[in-house]
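K.L.:
Using only what follows, build the 3D model:
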Amino acid sequence: MGGEANEGAAGGDPAVGLVVTGIGTVDADGFDFRAALGRHGYKYLPAASQYFLAAAKRALAQAGPEALEAVGPEERGAAVGTNSAAVALHHRMDRTVTTSGAGDLSPVTAPYFSINLFGSRLATEHDLKGFNLTFTSPRVAGLEALQTGQRALLTGRARRLLAGATEEALPEGEPGAGTSEAGAVALVLEPEPAARSRGVAALGRVGVRSFFLPPKAAASAEGPERAAALLRDALDALGHRPDQPLAVTAVLDGSPVGEAMAAALDEKALGGRPPAGKPELVPAGAGALEPVARVAAALGAPAGHAHAVITAAAEGNAAVCLVTPARTDATPGGPDVTSAEAGSGATPAGPRATLGGPDVTSAGVDATPAEAGATPGGLGATPGRPGTAPGGPAGAEVSSR
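P.N.:
Model (predicted):
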């Protein structure tokens, strides 16, 4: 089988559109937690936690002081995606245990052995008691965080969402270290009527659809055809009309899955959708940050066309984000604002991305099938890295406060 888009339970239900009202980005280069967060209380936090806290702080500053305060703590949630946030810390812990014993582990960093705790300080600082989710699926974790966080809002789990991705550079010698990502993107999402009532501009809309393409199927002669069918299904589910122009950015690696997806990016394969320029192929990094950054770049682009951001991992996890910048919300062919899921865009935080403001609404959400055989913990997982939470998407670690 070539893989199928996984239909979410709410996949066909109408929903009020969600929009992003705040975007925060952090690049690890030159980052100083004292300047970004304050001089006290942050020194011993892992770098990925510092990055995401700083990105969230910037996103909330743009969204305005009432972005969260307008609702109670139980109506605020968070979702973050990462592949490498804990790897460097786990390496340091391994060295300590093997050289001097577990008794020498630092009590201030030892709790971060659990990937779920990388977002715990965010929930504590902003009183996010609705839910707190962490996703680790290879390369698509950040998009899954946006997708699933929005689903939670649309099913009544919360009314405000902080979501995005964060990564810390991989240690030297770790698989993928040469293409490490480091930084964070955070977005504030809320219902469009709430943003309008606060007088805050919506920054754009995005729909997220995830699916799975088995590596063996991708490597076969029918691989590109199967990838194209999955992409067409995803774009159809996201509400993009085949007669409307579509710009495409693909964040892919050189694996059979990446090559099959790249071969599927022509007009015929995408259901006859007229291209808005040549598809942009972006070399994938080792984490989940670049796809979210590219969504943000698409939202800030001057052209008003709908824009598909496509990504996939060697393990078979794949996702499509259909982006519609705010100034083109009325243009036919963008994500359907009454579709089932609300998504989110992000301002670029990785290299190669251009700064721009994003936002979001989504249509159909799909969790990656647990039976797909994705490697828990993301690219280059080491013992002790996150696994798959029961009942959640492949590679997803879920914690609720």
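
K.L.:
Next SSE downstream of the strand or helix carrying L146?
P.N.:
Per DSSP states H and E: L146 is located in helix 141-154. Remark: after helix 141-154, the chain's next helix or strand is strand 160-167, criterion DSSP H and E.

K.L.:
So which other helices or strands are in contact with that next one?
P.N.:
Secondary-structure packing of strand 160-167 (3 or more C-beta pairs under 8 Å, 6 or more residues apart in numbering; DSSP states H and E): helix 47-63, strand 76-81, helix 141-154, strand 183-191, helix 289-299. (C-beta placed from N, C-alpha, C; glycine too.)

K.L.:
which of those has the lowest average pLDDT?
P.N.:
Across these, helix 289-299 has the smallest mean pLDDT, namely a mean of 86.

K.L.:
Can you report how many residues neighbour R232?
P.N.:
Number of residues near R232 (other C-beta atoms under 10 Å) recorded here: 18.

K.L.:
could you give the angle of the helix holding L146 to strand 183-191?
P.N.:
20 degrees (axes from the mean of the first three to the mean of the last three C-alpha atoms, to 10 degrees).

K.L.:
So the nearest residue to H91 once chain neighbours are set aside versus V208, what's the distance?
P.N.:
Closest residue in space to H91, ignoring its immediate chain neighbours: P171 at 5.0 Å, by C-beta to C-beta, 6 or more residues apart in numbering. Noted for P171: a distance of 31 Å to V208, by C-beta to C-beta, to the nearest Å.

K.L.:
With G183 instead?
P.N.:
Counting by C-beta to C-beta, the gap from G183 to V208 is 21 Å.

K.L.:
between these two, who's got more neighbours?
P.N.:
Higher neighbour count among G183 and V208: V208, with 34 against 29, using other C-beta under 10 Å.

K.L.:
For the more buried one, what is the enclosing helix or strand?
P.N.:
Counting by DSSP H and E, V208 is found in strand 204-212.

K.L.:
Pull up the distance across stretch 32-43, start to finish.
P.N.:
10 Å (C-alpha to C-alpha, to the nearest Å).

K.L.:
for it, which positions count as buried?
P.N.:
Within stretch 32-43, the residues scored as buried using 16 or more other C-beta atoms under 10 Å are F33, A36, L37, Y42.

K.L.:
what about that stretch, average pLDDT?
P.N.:
92.

K.L.:
what's the offset of it from the middle of its chain?
P.N.:
How far stretch 32-43 lies from its chain's middle: 25 Å, per C-alpha atoms, centre = their mean, to the nearest Å.

K.L.:
Numbering from 158 from now on, please.
P.N.:
Got it, first residue is 158 now, which makes that one stretch 189-200.

K.L.:
Mind listing residues that contact it?
P.N.:
Stretch 189-200 has contacts (C-beta atoms under 8 Å, 6 or more residues apart in numbering) with V183, L202, Q207, L210, A211, K214.

K.L.:
how about a cut-off of 6 Å?
P.N.:
Q207, L210, A211 (C-beta atoms under 6 Å, 6 or more residues apart in numbering).

K.L.:
Which of those has the largest number of neighbours?
P.N.:
Counting by other C-beta under 10 Å, top hit in the contacts of stretch 189-200: L210 with 26 neighbours.

K.L.:
Could you give the bridge partners of V237?
P.N.:
T291, G321 (DSSP bridges).

K.L.:
What distance do you get for it to E472?
P.N.:
Applying C-beta to C-beta, the value for V237 to E472 is 20 Å.
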